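**Q** with the input below, show me the fold.
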Amino acid sequence: MKSVLITGANRSIGLETAKQLSSKGLLVYLGSRSLEKGEAVVKELQEKGYQNIKAIEIDVTNPDSISEARNTIEREQGKLDVLINNAGILGINPQTASETSIKDIQQVFDTNFFGVISVTQAFLDLLKKSDSPRISNITSGLGSLTLHSDPSWKYYHVKGAAYGPSKSALNAYTIVLAYELRELPFKVNVIDPGYTATDFNAHSGPGSVESAASFIIKHTLTDENGPTGQYFSNDIEDEIGISPW
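**A** So this is what the prediction gives:
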């Protein structure tokens, strides 16, 4: 049975992704900053018939928490097949370039950018033990510099000094990581689940968590001929959904 770790998976898109992957027969480690909250969610899922989901405590901004999660998965599985870096925060609003404090920007980057790097580096050796390792970094359309520079883009006026730039940085890191691992069987991509109705945005998005999770899984569970170092978006209206950087 393949194993997958999803950070920030105790609610919203991460939770739905865990449910769908469990239904596909993967062993899902449902990452949550609070083990108590994660275990409560898993108990509810088990009552609904999901049996191959386990709660695991992981705070992507806490090195000790990451290390403990890594050691747990190594002890229980010996390897990791799929890493979905889903945990993220929006930060305070508004996020004007002229007035948003460095502290507030750093807080967003600590989770959305540095947290992803910390988790990825910690689990890389376990992923290398997999026959088909996959790393999916969950990004946003707001991370696209090309779209942000296009006045005709429908979200052109949705600007911020913290969240969007943190995702742009994540996109750039993913390109470098995919290149570094290009000779190995890794597939490393950034995936934008689209503007989805979740607690994250006060349910203002038009998309469903079911669609968002399905899109993430589609571009994560790819075969050996699948792309790597690519940027996919559920808001791009074509069959493949490739987003400009």
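
**Q** how close does G115 get to R33?
**A** According to CB to CB, to the nearest Å, G115 stands 11 Å off from R33. C-beta coordinates here come from the backbone N, C-alpha and C atoms, glycine included.

**Q** more crowded one of the two?
**A** G115 (25 against 17; other CB atoms under 10 Å).

**Q** between G115 and R33, what contacts are shared?
**A** Taking CB atoms under 8 Å, 6 or more residues apart in numbering as the contact rule, G115 and R33 both touch A87.

**Q** ok, then the element right after the lengthiest helix in the chain?
**A** Determined from DSSP state H, the single longest helix within the chain is helix 163-180. Where DSSP states H and E defines the elements, the next helix or strand beyond helix 163-180 is strand 187-192.

**Q** so what are the sheet partners of that next one and their directions?
**A** Next to strand 187-192 in the sheet, as set by DSSP bridges, lie strand 134-138 (parallel), strand 231-233 (parallel).

**Q** okay if I get those strands as a markdown table plus mean neighbour count?
**A** Conversion of the strands paired with strand 187-192 to a markdown table gives the following (neighbours: other CB atoms under 10 Å):
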| stretch | mean neighbour count |
| --- | --- |
| strand 134-138 | 26 |
| strand 231-233 | 24 |
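
**Q** so, low pLDDT: which residues of the chain?
**A** Along the chain, segments meeting pLDDT under 70 span 197.

**Q** what about the residue lying closest to P193 once chain neighbours are set aside, neighbour count?
**A** The shortest distance from P193 to any non-neighbouring residue, by CB to CB, 6 or more residues apart in numbering, is to A212 (3.5 Å). Residues lying near A212 (other CB under 10 Å) number 26.
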